[in-house]
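Turn this into a model:
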Amino acid sequence: MAEKVYDPSVKVPEFLKISKVIAWLMYAWVIFGIIMLTLRVFLLAFSANTAFGFAHFVMNTSSQYLNPFRGIFPGKQLGTTGYLDVSALFAIIVYLFVAWGFSALLNYIQSKIALSQEPQQKAINDAKRASAQRAQRPASTRPRA
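Numbers count the residues shown, from 1 in each chain. Got it, this is the predicted structure:
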């Protein structure tokens with residue numbers, strides 16, 4: 001669904017702008033965590049050497065997201081060297097629900113922004129229409145000053 005384009009003079013309340021920015025930042029933080037946890041699961045499943053470079057970065061970053069869920073489920077051995085981090089899979093599922101919640105919050109904030117803009121835009125359109133109608137009236141029918 002395409003967003004309506006409003007006149008630049010239409011004002012959005014500051015608290016809605018700030019709320020939208022905060023919600024987007026939290027949404028991005030959660031999505032980043034989901035990506036890091038997913039990479040962690042794949043790296044552990046395929047026995048990546050986590051002592052170097054990218055794998056080390058992923059493990060360190062994802063461990064912050066995994067902390068609330070660490071130890072809930074025991075890990076499972078995959079093959080001879082692989083490892084399935086079930087706690088990380090559970091964390092991914094929980095963070096997906098959190099992301100869904102932030103997405104709903106963003107939609108709610110956007111609907112409130114639209115509700116605040118529509119009456120202003122209607123008033124602007126009515127004023128422009130009235131001005132155009134006055135300009136189209138013949139000079140003889142215009143009120144004299």
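
How far off centre is the helix or strand of the chain with the lowest mean pLDDT?
One helix or strand of the chain scores below all others by mean pLDDT, DSSP states H and E: strand 76-78, with a mean of 79. On the basis of CA atoms, centre = their mean, to the nearest Å, strand 76-78 sits 35 Å off its chain's mean C-alpha point.

Touching the helix or strand that that strand is followed by from outside, list them.
Going down the chain from strand 76-78, the next helix or strand is strand 82-84, by DSSP states H and E. The contact list for strand 82-84 (CB atoms under 8 Å, 6 or more residues apart in numbering) reads Val41, Leu44, Ala45, Phe46, Ser47, Gly75, Lys76, Gln77, Leu78. Any C-beta I mention is one placed from the backbone N, CA and C, and that applies to glycine too.

Quickly run through the sheet partners of the least confident helix or strand of the chain, with directions.
strand 82-84 (antiparallel) (DSSP bridges).

Give me the mean pLDDT for the helix or strand following the partner strand.
Per DSSP H and E, the first helix or strand lying C-terminal to strand 82-84 is helix 86-136. Taken as a whole, helix 86-136 has an average pLDDT of 87.

which strands and helices sit next to helix 86-136?
Counting contacts by 3 or more CB pairs under 8 Å, 6 or more residues apart in numbering; DSSP states H and E, helix 86-136 is packed against helix 14-45, helix 53-66.

now the angle from that helix to helix 53-66?
Helix 86-136 and helix 53-66 are oriented at 80 degrees to each other (axes from the mean of the first three to the mean of the last three CA atoms, to 10 degrees).

what distance separates helix 86-136 from the centre of its chain?
12 Å.

Next, the angle from it to helix 14-45.
Using the same axes, to 10 degrees, helix 86-136 lies at 150 degrees relative to helix 14-45.
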